[in-house]
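> Sharing a model that was predicted from the sequence below.
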Protein chains: 2
Amino acid sequence: MSDTLSVGKKLVSLCRDGKMMEAVETLYSPQIVSIEAVSGGPSMPARMEGLEAIKGKNDWWVKNHEVHSSKVEGPYPHGDRFIVHFIMDVTAKAGPMAGQRMTLDEAALYTVKDGKITQEEFFYDMG
Amino acid sequence: MSDTLSVGKKLVSLCRDGKMMEAVETLYSPQIVSIEAVSGGPSMPARMEGLEAIKGKNDWWVKNHEVHSSKVEGPYPHGDRFIVHFIMDVTAKAGPMAGQRMTLDEAALYTVKDGKITQEEFFYDMG
């Protein structure tokens, strides 16, 4: 199995188990770059870099969302990249959407180098 | 609405209606580049270029597959790119898989420039 597919399968498995932080800690490169489709404001730039920043981003996400259920489809590999499709039923716990239940439907494009994820890009429509 | 999202929505709508050739003819750039995750052999290279070649590829696909049902999810935009998730229940009409019914589950990454799709890349696992 290619590195790409193997890393993708591990990521999907951990995400299905709700172990996002473990995925970041075991599969991400120290030089990870994370890019959102849109910026979340000055405190949440679209582009973030480095393992500590991405751990912080995931920690914030986990603490601020109640996940009712989720569907994780993939990984879909192509060369050194793979795509995962996430559909999550969540309620925001803080911020402007606090208390609102919503469906997050997005695709993520990951790049793998030397067995580690070096970039993640999130694709979605804010509607 | 951004060019990317608008083109993505048109593509998804035409694909849902089974109008793949119309999508290619109306939304694709003359310089379209199409890249599969794997090559289909000497007569079906992973990378193909130009509108005529891509029309030929789509024409071959439509003629050689019976589509029982399909699900087209997206588009998921990010800058000048968008992702679409295709799940298709098909039976191959020719080639080594002739007569076999199978589920094609794949993601496609499209790049848009000046309102036209200039690149499509298909992501999937051959299993």
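Nice, I can see it.
> Need the residues that contact stretch A:119-127.
Outside stretch A:119-127, the residues that touch it by CB atoms under 8 Å, 6 or more residues apart in numbering or on different chains are A:32-38, A:104-111, B:5, B:75-78, B:81-83. Any C-beta I mention is one placed from the backbone N, CA and C, and that applies to glycine too.
> Out of the residues you listed, name the ones that lie in strands.
Of these, the ones assigned to strands by DSSP state E are A:32-35, A:104-111, B:75-78, B:81-83.
> Among the residues you listed, name the buried ones.
A:32-35, A:105-111, B:75-78, B:81-83 (16 or more other CB atoms under 10 Å in any protein chain shown).
> Would you agree A:Gly41 falls within a strand?
No: assessed with DSSP: H, G, I helix; E, B strand; the rest coil, A:Gly41 is coil; it does not lie in a strand.
> per-residue confidence for it?
With respect to pLDDT, A:Gly41 has a value of 79.
> neighbours around it, how many?
9 (other CB atoms under 10 Å in any protein chain shown).
> ok, now A:Asp125?
That count, for A:Asp125 with other CB under 10 Å as the rule, works out to 20.
> so it is in which element?
Using DSSP states H and E, A:Asp125 is not contained in any helix or strand.
> got the contact list for the helix or strand of chain A with the lowest mean pLDDT?
In chain A, no helix or strand scores lower on mean pLDDT, DSSP states H and E than helix A:51-64, which sits at a mean of 94. The contact list for helix A:51-64, computed with CB under 8 Å, 6+ apart, reads A:20-21, A:24-25, A:28-32, A:34, A:44, A:48, A:92-95.
> Kindly report the same for stretch A:16-31.
Outside stretch A:16-31, the residues touching it (CB under 8 Å, 6+ apart) are A:7, A:10-11, A:14-15, A:32, A:49-51, A:54-55, A:58-59, A:61-62, A:67, A:70, A:72, A:113-114, A:116-118.
> Give the buried residues for it.
So stretch A:16-31, judged by 16+ other CB under 10 Å, has buried residues A:Met20, A:Ala23, A:Val24, A:Leu27, A:Tyr28, A:Ser29.
> from those, which single one is nearest chain B?
A:Leu27 (17.6 Å; CB to the nearest CB).
> which residue packs closest to the closest one, ignoring adjacent ones?
A:Ile117 (5.3 Å; CB to CB, 6 or more residues apart in numbering or on different chains).
> cool, and A:Gly95?
In space, A:Gly95 is closest to A:Asn64, 6.7 Å off (CB to CB, 6+ apart).
> Count the residues that sit near the one you found.
A:Asn64: 14 neighbours (other CB under 10 Å).
> Which ones among the contacts of helix A:51-64 map onto strands?
A:Tyr28, A:Ser29, A:Pro30, A:Gln31, A:Ile32, A:Ser34, A:Met48, A:Ala92.
> pLDDT for those residues - can I get that in a markdown table?
Output for the ones in strands among the contacts of helix A:51-64, formatted as a markdown table (pLDDT from 0 to 100):
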| residue | pLDDT |
| --- | --- |
| A:Tyr28 | 98 |
| A:Ser29 | 98 |
| A:Pro30 | 97 |
| A:Gln31 | 97 |
| A:Ile32 | 98 |
| A:Ser34 | 97 |
| A:Met48 | 96 |
| A:Ala92 | 95 |
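> That's all I had, so thanks and see you.
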